[in-house]
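Student: I would like to see how this sequence folds:
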Amino acid sequence: MRRILLAVLAVVFAAAFAAPLMAQGAPPQGSAEQPYTMEYYYKLQWGHQQEFLDLFLKNHYPLLKKIQSTGRILSVKIESPANHTTEDGRWDYRITIRYKNSTVATTANPDEAAFIKQLWPDQATYLKEEQRRFEILLGHWDLPVTDITPAP
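Tutor: Residues are numbered from 1 along each chain as shown. Now for the predicted structure:
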């Protein structure tokens, strides 16, 4: 009986501490078949913002548009901040991608390698430029976001 009481107390205690921790995050996105939004943030070495953007537009944006033509991606938006922030919170570019659903957003695209070879026949140049794009990065993070705006 004592063991059962201790087990029940442990579960209640764990639930009391876990509930506030779970509430801090955003609620999960909608059902598995609803659009899924990810924001990709890029922080560059000072003075290399334009170089990164040029390489991104040349070597990654066409791939995103090609994937969009298949229906896996619904939209792509590229943004930069209008004003500066603290260095700790600074980001230079945010790419927001709305995927068809969470499955396509979180699984590898089986056609991507073929698309890359099709779009950039000169693979040596493509790989060199992609390497450079990542060399000038200071930070990159991916953030799934959920629209929690109340319905009118």
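
Student: ok, residue 75 touching residue 67?
Tutor: No: using CB atoms under 8 Å, residue 75 is not in contact with residue 67; the gap is 11.6 Å. For glycine as for every other residue, the C-beta is placed from the backbone atoms N, C-alpha and C.

Student: ok, the two, which is more surrounded?
Tutor: Comparing residue 75 with residue 67 by other CB atoms under 10 Å, the one with more neighbours is residue 67, at 19 against 12.

Student: The closest residue to residue 136 other than its chain neighbours - how many residues pack around it?
Tutor: Spatial nearest neighbour of residue 136, excluding adjacent residues (CB to CB, 6 or more residues apart in numbering): residue 48 at 4.1 Å. Using other CB under 10 Å, residue 48 is surrounded by 17 other residues.

Student: Check the gap between residue 48 and residue 92 for me.
Tutor: 9 Å (CB to CB, to the nearest Å).

Student: do residue 145 as well
Tutor: In terms of CB to CB, residue 145 sits 19 Å off from residue 92.
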